[in-house]
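Novice: Quick one, structure for this:
(one chain, ligands or ions: 2)
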Amino acid sequence: MALRRERPRTDRPQAAHPAVELRAVRRSYGRGDSAVHALRGIDLALGRGSFTAVMGPSGSGKSTFLQCAAGLDRPTSGEVLLGGEEITALSENRLTRLRRSRIGFVFQSFNLLPSLSVQQNVLLPQRLAGGRQDRRLAKELLARVGLAEHGGRRPGQLSGGQQQRVAIARALITRPEVVFADEPTGALDTRTAHEVLGLLRQAVDEMGATVVMVTHDPVAAAHADRVLFLADGELADELLRPDPRTVADRMVTLTATSGSGRTGSGRAGSGQVGAAA
Ligand SMILES: Nc1ncnc2c1ncn2[C@@H]1O[C@H](COP(=O)(O)OP(=O)(O)OP(=O)(O)O)[C@@H](O)[C@H]1O
Ligand SMILES: [Mg+2]
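Specialist: Ligands and ions are numbered 1, 2, ... in the order given. Okay, the predicted model is just below:
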C-alpha cells in the first residue's frame, strides 16, 4: 500500500538485523555512593514490525531505557544498535541526523509547536531533516488519523486526543524504522487512548513500523505483541500476546517485590529483582 516504503533503501541495514538491539546497556547518574543506576545491564532485541510495551514501577528505568534506545541519551556503557548499526559510537551530528530520518517520537505531552499549523507540525521532521516536504503524505497521514479536515488549524484549537493523533502523524512522516512512544496515552481519557493505540497498532500492521511504547496502563500494554517489565533498571519479566488482566497481575507482583525509586547505594551489584526486597 501507498504508505509502505516503496523501494528498498540501500542506505539502510538489511532485514536480517533486529530493528533495535541493546547489549549490556547501563546508564548511571552521578558517581560513588550517591550514584543512581537507572539501567543495570539490559540485553534485548526487538524484531522489525513488532509492537513492544515497556512497563514497570515508577523509577524502574522505563524512560531512561527509551531515551537510550532512541539515541536521545547515551548509555554509560554497552551498545545500542538500530537496524544492525551501532548508534552508541556515532558523533552527535550523525546521531541527530539518524534520529531525524530513521526514528519517530511520540510524547505524553504531544510536544506540538503551537505557532505552526497542524499540517506544518506533521511536516516538521522532514523540514528539520532538510529533505523534500511531502505534503501529499502529510495529508494522507492526517486522513488516516481522522484529521483530514484539520490540517489548517493550530494545535491549540484541537482536543488532547486530536493533538496526540497529530503527533502520531508527525512521527510517521519520515517513514521511520522505529517509533518510540513514552506514555502516549498518559494524558488521554479511555476512549481517546483506545483510538491512539489503534493508530500505533495500524502503523505496525499496515505500515511495517516497529513501535516501542512505555506505558503504566495494562489495557494500553495489551495492544502490543510483547510486554517487557522493568524493575530496578533490569528486565524482570516479559509477556507475549498480553491481555490486560495478566499484565495487571504481573505489575502487582513486580511492584510488591521490586525496590524501584531507591538510589543505587541501596542495592548491591546487579542482584536479581526482588533479592533486596
Ligand atoms: N537526569 C537524572 N539525574 C539523576 N537521576 C535520574 C535522572 N533521570 C532519571 N534518574 C533516575 O533514574 C531512575 C530511573 O528513572 P526513569 O525516569 O527512567 O524512570 P521511569 O521508569 O520512567 O519512571 P516513571 O514511571 O515515574 O516515569 C530513577 O531513580 C530516577 O530518579
Ligand atoms: Mg518515565
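Novice: wait, isn't residue 210 in contact with residue 20?
Specialist: Yes: between residue 210 and residue 20 there is a contact under Cβ atoms under 8 Å: 6.9 Å. Heads up, the C-betas are built off the backbone N, CA and C, glycines and all.
Novice: Quick check: neighbours shared by the two?
Specialist: Listed as contacting both residue 210 and residue 20 by Cβ atoms under 8 Å, 6 or more residues apart in numbering are 46, 178.
Novice: Now do residue 136 against residue 237, distance only.
Specialist: Residue 136 is 44 Å from residue 237, where distance means Cβ to Cβ, to the nearest Å.
Novice: if you count what's nearby, which of the two comes out ahead?
Specialist: Remark: of residue 136 and residue 237, residue 237 carries more neighbours, 16 against 8, as counted by other Cβ atoms under 10 Å.
Novice: Shouldn't that one be within a strand?
Specialist: Yes: Residue 237 forms part of a strand when assessed by DSSP: H, G, I helix; E, B strand; the rest coil.
Novice: Which strand residues bridge the nearest residue to it once chain neighbours are set aside?
Specialist: Excluding its sequence neighbours, the residue lying closest to residue 237 (Cβ to Cβ, 6 or more residues apart in numbering) is residue 229, at 4.1 Å. Here residue 229 sits in beta bridges with residue 55, residue 237, going by DSSP bridges.
Novice: how much space between residue 183 and residue 217?
Specialist: As judged by Cβ to Cβ, residue 183 and residue 217 stand 8 Å apart.
Novice: ugh, wrong one, I meant residue 258
Specialist: Distance from residue 258 to residue 217, by Cβ to Cβ: 19 Å.
Novice: who has more neighbours, those two?
Specialist: Counted by other Cβ under 10 Å, residue 258 and residue 217 do not tie: residue 258 has more neighbours, with 24 against 21.
Novice: Can you check the pLDDT for the more buried one?
Specialist: For residue 258, the pLDDT comes out at 77.
Novice: What segments of the stretch 51-200 of the chain are strands?
Specialist: Using DSSP state E, counting those that start in this stretch, the strands of the stretch 51-200 of the chain run over residues 51-55, 77-82, 85-86, 103-107, 178-182.
Novice: Ok, which of these comes nearest ligand 2?
Specialist: Nearest of these to ligand 2, taken as Cβ to the ion: strand 178-182 at 6.2 Å.
Novice: Put the alpha carbons of stretch 153-169 into CSV.
Specialist: Provided in CSV are the C-alpha atoms of stretch 153-169 (Å, rounded to 0.1, in the frame of the first residue of the first chain):
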residue,chain,number,x,y,z
ARG,A,153,-5.8,24.6,12.4
ARG,A,154,-3.4,25.3,15.2
PRO,A,155,-2.7,22.7,17.8
GLY,A,156,-4.4,24.9,20.5
GLN,A,157,-7.7,24.5,18.6
LEU,A,158,-7.6,20.7,19.0
SER,A,159,-8.5,18.4,21.8
GLY,A,160,-5.8,16.4,23.6
GLY,A,161,-6.7,13.2,21.7
GLN,A,162,-6.6,15.1,18.4
GLN,A,163,-3.3,16.6,19.3
GLN,A,164,-1.8,13.2,20.0
ARG,A,165,-3.1,11.9,16.7
VAL,A,166,-1.3,14.8,15.0
ALA,A,167,1.8,13.8,16.9
ILE,A,168,1.5,10.2,15.6
ALA,A,169,1.1,11.5,12.0
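Novice: buried set for that stretch?
Specialist: Neighbour counts over stretch 153-169 (16 or more other Cβ atoms under 10 Å) mark 154-155, 158, 161-169 as buried.
Novice: Also stretch 102-110?
Specialist: Residues of stretch 102-110 classed as buried by neighbour count (16+ other Cβ under 10 Å): 102-108, 110.
Novice: out of the residues you listed, who's nearest ligand 1?
Specialist: residue 108 (9.1 Å; Cβ to the nearest ligand atom).
Novice: Apart from its chain neighbours, what residue comes closest to residue 97?
Specialist: Using Cβ to Cβ, 6+ apart, the nearest residue to residue 97 is residue 129, at 7.4 Å.
Novice: Can you tell me how far residue 108 is from ligand 2?
Specialist: Per Cβ to the ion, to the nearest Å, residue 108 is found 9 Å from ligand 2.
Novice: That residue and residue 193 touch, don't they?
Specialist: No: counting by Cβ under 8 Å, residue 108 stays clear of residue 193, with 11.3 Å between them.
Novice: Nothing else from me, thank you.
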